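Asks: Dropping the sequence and predicted coords here.
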Amino acid sequence: MYTNGYIFRYAAIMVIIAAALLSTAAMLLKPFQERNVAIEKMGGILASAQIEGVNTENTIELFNKYVTEEIVVDQDGNVVESFKEGAKENGKAFKLNMKTELYNKKQGIGFELPIYVINQNGTKTYIFPMRGAGLWGPVWGNIALGEDFNTIKGVTFDHKGETPGLGAEITTDAFTSQFTGKTIFDKAGTFKSIKVKKGGAKTLPANEQIHGVDAISGGTITSDAVNDMIANVLEGYLPYIEKERKK
Amino acid sequence: MSTEIKEREPLFSAKNMRLIKTPINLTNPITVQVLGICSALAVTAKLMPAIVMSISVIVVMAVSNVVISLLRDGIPPRIRIIVQLVVIATMVILVDQVLKAFVYDVSKQLSVFVGLIITNCIIMGRLEAFAMSNKPWPAFLDGIGNGLGYGLILIIIAFLREFLGSGTILDMQVIPETFYEFGYKNNGLMILPPMALITVGVIIWVQRYYTRELIEKN
């Protein structure tokens, strides 16, 4: 009854039907999924600037309200584009792919990075998105600096699949709140980044403690990844930051 | 010629209802058949992901059971496992895409485990043992029943783990602040996977105490 021909025909038709079904579903659901990803990205940017009362419904509205400027800078710190008018999700900065840009940075060729400027009651906050490699997958986040381009106003981190309870703790307030008030330059103006220190920031020399935070116990590799991510990404922004600091 | 008209079985006959009830207790996928333990440990640290996971498994199981049952006369026996896998995989990807589109936060927490429904032995087991040889309606009920049996255990574990481990239910604080002031502490161990296994063990113990049929004779 079941000849080889029948089996092949059956399998072929079944696969075609399954493929058609899946591609239709993917096409129909794509706009919703992309919107979720955009909302999450905006939420992270707003959270790093310590803006409160953000939820999934009002994220886009608040993002357009608070973010006054989106800047794209190149490897030499020149402003490539400054986007001020219109829906902020259409800006070039919002569409830049951090992964490719940071890959270009690693290859030593030209790259462009986004900066978001939030203007709240006349004070400006500059938000620098970050991305790096964690233990099990990518880690990313945002670091918000004050007008002096030195003091950290807040940070957020997120990850693809760090170990729950260990590496995944980088997203908690307990970890991120440590960054607030730390500085990335020392008094002489040398770039220090932020060290995520195993054993605690208190084990650093006294004059370095302002540039250090405690690592997560049991999450050493993820902590190191965050440490390297901050150093690597801020290095990319450094030409721009130093130009602004000289102004 | 016999003119006797075969009486149609009512949709919710006792026999059909048994298809839903037995997997909840007597042949429970997790506590009696010990299938699907992996996901039961992984997604039960909080109640919300456990509920979404249970609903996903119920949907995947019921729909794949019906589809396989409808196709059962045409499926060539030599490739039947492949056909079953294609049906399950298609359903799982659809569920995953829908979750990503409409409950993004939860889908992030569930991460790979929605995809891993494909490898959940309960589903393959039911398709092979039941749907391949039964009509669509009983197959649908069987899928729902086994999904409920799985989901029930998941939700009990998640409830206990979230309550004792974080002091919350569905992220709402239920243990009052005064308890913490008197020195009460959340049990961090409950959040870790081993405690899920121990909770399953306790559930099996309680279930066997009340369901004597499950106790082995010798």
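Replies: Here it is on my side, so go on. From a predicted model like this one, the values you see are computed outputs, not experimental measurements.
Asks: And the next helix or strand past the helix or strand of chain B with the lowest mean pLDDT?
Replies: One helix or strand of chain B scores below all others by mean pLDDT, DSSP states H and E: helix B:112-115, with a mean of 79. Past helix B:112-115, further along toward the C-terminus, the next helix or strand under DSSP states H and E is helix B:121-129.
Asks: end to end, how far does stretch B:71-87 reach?
Replies: 11 Å (C-alpha to C-alpha, to the nearest Å).
Asks: now stretch A:154-166
Replies: Using C-alpha to C-alpha, the two ends of stretch A:154-166 sit 22 Å apart.
Asks: Around chain A, pick out the residues from chain B.
Replies: B:45, B:74-79, B:82-83, B:86, B:89-90, B:93-94, B:97-98, B:100-102, B:104-105, B:111-112, B:191-192 (C-beta under 8 Å from any C-beta of the partner chain). The C-beta positions use only the backbone N, C-alpha and C, and glycine is treated the same way.
Asks: which of the residues you listed are buried?
Replies: With burial judged by 16 or more other C-beta atoms under 10 Å in any protein chain shown, the buried subset of the residues of chain B next to chain A is B:45, B:75-76, B:79, B:83, B:86, B:89-90, B:93-94, B:97-98, B:100-101, B:104, B:111, B:191-192.
Asks: Check chain A and tell me which residue is nearest its centre.
Replies: residue A:141 (3.1 Å; C-alpha atoms, centre = their mean).
Asks: Same question for chain B.
Replies: Computing the C-alpha centroid of chain B and ranking residues by C-alpha atoms, centre = their mean puts residue B:150 first, at 2.7 Å.
Asks: residues in contact with that one?
Replies: B:28-30, B:36, B:40, B:54, B:57-58, B:122 (C-beta atoms under 8 Å, 6 or more residues apart in numbering or on different chains).
Asks: Out of those, grab the one that's most surrounded.
Replies: residue B:29 (30 neighbours; other C-beta atoms under 10 Å in any protein chain shown).
Asks: next one: phi and psi at that one?
Replies: Dihedral angles of residue B:29 (phi, psi; degrees, to the nearest 10) stand at phi -60, psi -40.
Asks: How about it, nearest residue that isn't a chain neighbour?
Replies: residue B:122 (4.4 Å; C-beta to C-beta, 6 or more residues apart in numbering or on different chains).
Asks: one step back: how close does the nearest residue to the residue nearest to the centre of chain B once chain neighbours are set aside sit to residue B:90?
Replies: Spatial nearest neighbour of residue B:150, chain neighbours left out: residue B:29 (4.9 Å); criterion: C-beta to C-beta, 6+ apart. As for residue B:29, its distance to residue B:90 is 22 Å (criterion: C-beta to C-beta, to the nearest Å).
Asks: how many neighbours does residue A:34 have?
Replies: 11.
Asks: What is the helix or strand hosting it packed up against?
Replies: Residue A:34 belongs to helix A:4-48 when assigned by DSSP H and E. If you count contacts as 3 or more C-beta pairs under 8 Å, 6 or more residues apart in numbering or on different chains; DSSP states H and E, helix A:4-48 packs onto helix A:59-66, strand A:112-120, strand A:123-133, strand A:138-145, strand A:152-159, helix B:80-102, helix B:104-110.
Asks: ok, back up a step: so which of the contacts of residue B:150 sit within strands?
Replies: Nothing among these maps onto strands, per DSSP state E.
Asks: Now do the longest helix seen in chain B: distance to the chain's middle.
Replies: Across chain B, the helix with the greatest residue count (assigned by DSSP state H) is helix B:136-166. Computed by C-alpha atoms, centre = their mean, to the nearest Å, the separation of helix B:136-166 from the middle of its chain amounts to 4 Å.
Asks: Pull out the buried positions in it.
Replies: Buried residues in helix B:136-166 (16+ other C-beta under 10 Å): B:136, B:138-166.
Asks: Stretch B:188-204 too?
Replies: B:190-192, B:195-196, B:199-200, B:203-204.
Asks: Do you know the pLDDT at residue 83?
Replies: Picking chain A for this. You'll see residue A:83 listed with a pLDDT of 83.
Asks: switch to chain B, that's the one I care about
Replies: Looking at residue B:83, the pLDDT reads 93.
Asks: That one and residue B:71 touch, don't they?
Replies: Yes: using C-beta atoms under 8 Å, residue B:83 makes contact with residue B:71 at a distance of 7.1 Å.
Asks: Using CSV, write out every CA atom in the least confident helix or strand of chain B.
Replies: The C-alpha trace of helix B:112-115 is given here as CSV (Å, rounded to 0.1, in the frame of the first residue of the first chain):
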residue,chain,number,x,y,z
VAL,B,112,15.1,28.0,25.1
PHE,B,113,12.5,26.0,26.9
VAL,B,114,9.7,26.8,24.5
GLY,B,115,11.8,25.5,21.7
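Asks: Keeping just the C-alphas, turn stretch A:224-242 into PDB.
Replies: Output of stretch A:224-242 as PDB, limited to C-alpha atoms (Å, rounded to 0.1, in the frame of the first residue of the first chain):
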ATOM      1  CA  ASP A 224      34.700  40.100  33.700                       C
ATOM      2  CA  ALA A 225      32.600  40.300  30.500                       C
ATOM      3  CA  VAL A 226      30.900  43.400  31.900                       C
ATOM      4  CA  ASN A 227      34.200  44.900  32.800                       C
ATOM      5  CA  ASP A 228      35.700  44.300  29.400                       C
ATOM      6  CA  MET A 229      32.500  45.500  27.700                       C
ATOM      7  CA  ILE A 230      32.600  48.800  29.500                       C
ATOM      8  CA  ALA A 231      36.300  49.300  28.800                       C
ATOM      9  CA  ASN A 232      36.000  48.300  25.100                       C
ATOM     10  CA  VAL A 233      32.900  50.300  24.200                       C
ATOM     11  CA  LEU A 234      33.900  53.500  26.100                       C
ATOM     12  CA  GLU A 235      37.300  53.300  24.300                       C
ATOM     13  CA  GLY A 236      35.300  53.500  21.100                       C
ATOM     14  CA  TYR A 237      33.500  56.600  22.300                       C
ATOM     15  CA  LEU A 238      36.700  58.100  23.900                       C
ATOM     16  CA  PRO A 239      37.700  60.400  21.000                       C
ATOM     17  CA  TYR A 240      34.200  62.000  21.100                       C
ATOM     18  CA  ILE A 241      34.100  62.200  24.900                       C
ATOM     19  CA  GLU A 242      37.600  63.800  25.100                       C
END
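Asks: residues contacting the residue nearest to residue B:146 when sequence neighbours are not counted?
Replies: The shortest distance from residue B:146 to any non-neighbouring residue, by C-beta to C-beta, 6+ apart, is to residue B:23 (4.4 Å). Contact analysis of residue B:23 by C-beta under 8 Å, 6+ apart lists B:29, B:142, B:145-146, B:148-149.
Asks: what's the spacing between residue B:23 and residue B:139?
Replies: Where residue B:139 is concerned, residue B:23 sits at a distance of 13 Å (C-beta to C-beta).
Asks: Also residue A:176?
Replies: Noted for residue A:176: a distance of 50 Å to residue B:139, by C-beta to C-beta.
Asks: Many thanks, we can stop here.
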